[in-house]
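A.B. asks: Curious how this folds, go ahead:
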Amino acid sequence: GAAVADPITAKQAKKALFAPVKVAVVAVPVANLPEDQAKTLQLAGPTQVYYGAIAMSPDDGLMTDATVIAANYHNTEAASVAAVADCNAKKKGKADCVVAAIIRPKGWKDRDFQLSSDATAAVKTELKKSMLMAISQSTGAWAIGADDAAAVEACAAKNEKASDCAVVIAN
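C.D. replies: Below you'll find the predicted structure:
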């Protein structure tokens with residue numbers, strides 16, 4: 001999961017997080033893409049930040065406006081939900097959109113704590129002692145604050161749909 005039930009320290013977070021620079025794109029077999037389209041995903045994905053997902057309409061194909069990349073979430077599950085929802089809103093075909101690829105950090109291994117690429121960078125450069133970080137799992141929003149209320153409020157202010165902001169790092 002992207003966060004634990006109880007906040008962890010910045011020191012613990014820094015040990016758990018991946019470098020916020022390199023990504024790997026993993027094709028999802030359910031999409032049944034031809035080799036040339038799978039290669040296209042391998043080229044497009046690395047221009048994004050993790051965690052992300054690329055959704056496409058099986059009826060419309062990969063190279064259409066319905067193909068959507070959702071990136072900079074705290075896990076691939078949330079990115080997948082966002083990408084599929086946006087794709088379904090844009091598709092012309094009848095079949096529901098599917099996730100064609102996911103974007104995650106290079107060298108990714110399942111861990112109990114993960115953050116988006118931008119939030120990871122902030123932990124390493126902006127998070128100071130006696131500060132907290134709140135995140136929204138559903139939107140990828142995040143913010144740093146001096147106390148719980150400030151961090152949660154700043155997180156929610158970053159995205160009108162971020163109603164699930166919670167403190168995940170407390171020093």
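
A.B. asks: Direction included, what does the helix or strand hosting Ala53 pair against?
C.D. replies: For Ala53, the element it lies in under DSSP states H and E is strand 52-56. If you go by DSSP bridges, strand 52-56 pairs up with strand 68-70 (antiparallel), strand 98-105 (antiparallel).

A.B. asks: Not counting its neighbours along the chain, what's nearest Arg104?
C.D. replies: Tyr50 (5.0 Å; C-beta to C-beta, 6 or more residues apart in numbering). Yep, even glycine has a C-beta here, placed from its N, CA and C like the rest.

A.B. asks: burial count for the one you found?
C.D. replies: Tyr50: 31 surrounding residues under other C-beta atoms under 10 Å.

A.B. asks: Show me the contact partners of the strand holding Ala53.
C.D. replies: Contacts with strand 52-56, where a contact means C-beta atoms under 8 Å, 6 or more residues apart in numbering, come from 23, 25, 31, 41, 44-45, 62, 64, 66-73, 76, 79-80, 82-84, 86-87, 97-104.

A.B. asks: One more pass at 7 Å, please.
C.D. replies: For strand 52-56, contacts defined as C-beta atoms under 7 Å, 6 or more residues apart in numbering pick out 31, 41, 45, 62, 66-73, 76, 79-80, 83-84, 87, 97-103.

A.B. asks: Secondary structure class of Ala38, three-state.
C.D. replies: State at Ala38, reduced to three classes by DSSP: H, G, I helix; E, B strand; the rest coil: helix.
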